[in-house]
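>>> Please work out how this folds:
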Amino acid sequence: MPADTEGKPPTVTPVRVVIALCLVAPFVAMLWVSSYAKVDPTFIGIPFFYWYQMLWVLISTALTMIAYKLWQRDQRARKGGASA
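This next block holds a predicted model:
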């Protein structure tokens, strides 16, 4: 093992994989148009195509917040527990 990487935590960790999945999920959901390009089921008269996309706005917000909090915790752990 090279001397400059001794004592450093690995770059790819399970937490960072979860962060990546949280950030990639909305893109996959929105780019897979054939999965939601339909009218039914409607929700209070709104076709599925529209309310599905609006639902993903809320889901994306939650996933981004989770990713940010996990990133903050990961950075604090890498700095030895110092508050960020």
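
>>> in this protein, which residue is closest to the centre?
Computing the C-alpha centroid of the chain and ranking residues by Cα atoms, centre = their mean puts residue 22 first, at 1.5 Å.

>>> Alpha carbons of the host helix or strand of that residue, as CSV, please.
Using DSSP states H and E, residue 22 sits in helix 14-31. Extracted in CSV, the C-alpha atoms of helix 14-31 (Å, rounded to 0.1, in the frame of the first residue of the first chain):
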residue,chain,number,x,y,z
PRO,A,14,-21.5,2.2,1.7
VAL,A,15,-22.7,5.7,2.8
ARG,A,16,-21.4,7.3,-0.3
VAL,A,17,-23.2,4.6,-2.4
VAL,A,18,-26.4,5.5,-0.7
ILE,A,19,-25.8,9.2,-1.3
ALA,A,20,-25.3,8.5,-5.0
LEU,A,21,-28.4,6.4,-5.2
CYS,A,22,-30.5,9.1,-3.5
LEU,A,23,-29.2,11.6,-6.1
VAL,A,24,-29.5,9.4,-9.2
ALA,A,25,-33.0,7.9,-8.4
PRO,A,26,-35.0,11.0,-9.5
PHE,A,27,-33.1,11.2,-12.8
VAL,A,28,-33.9,7.6,-13.6
ALA,A,29,-37.5,8.0,-12.6
MET,A,30,-38.0,11.1,-14.8
LEU,A,31,-36.0,9.8,-17.8
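
>>> Can you give me the buried ones in whatever helix or strand comes next after that helix?
Toward the C-terminus, helix 14-31 is succeeded by helix 48-78 as the next helix or strand (DSSP H and E). Neighbour-count burial for helix 48-78, with 16 or more other Cβ atoms under 10 Å as criterion, is recorded at 48, 51, 52, 56, 60, 63, 67, 71, 74. From N, CA and C alone the C-beta is placed, and that goes for glycine too.

>>> so what does helix 48-78 touch, helix or strand wise?
helix 14-31 (3 or more Cβ pairs under 8 Å, 6 or more residues apart in numbering; DSSP states H and E).

>>> which parts of the helix it packs on are buried?
19, 22, 23, 26, 29.

>>> roughly how far apart are the last one and residue 21?
Using Cβ to Cβ, to the nearest Å, residue 29 is found at 12 Å from residue 21.
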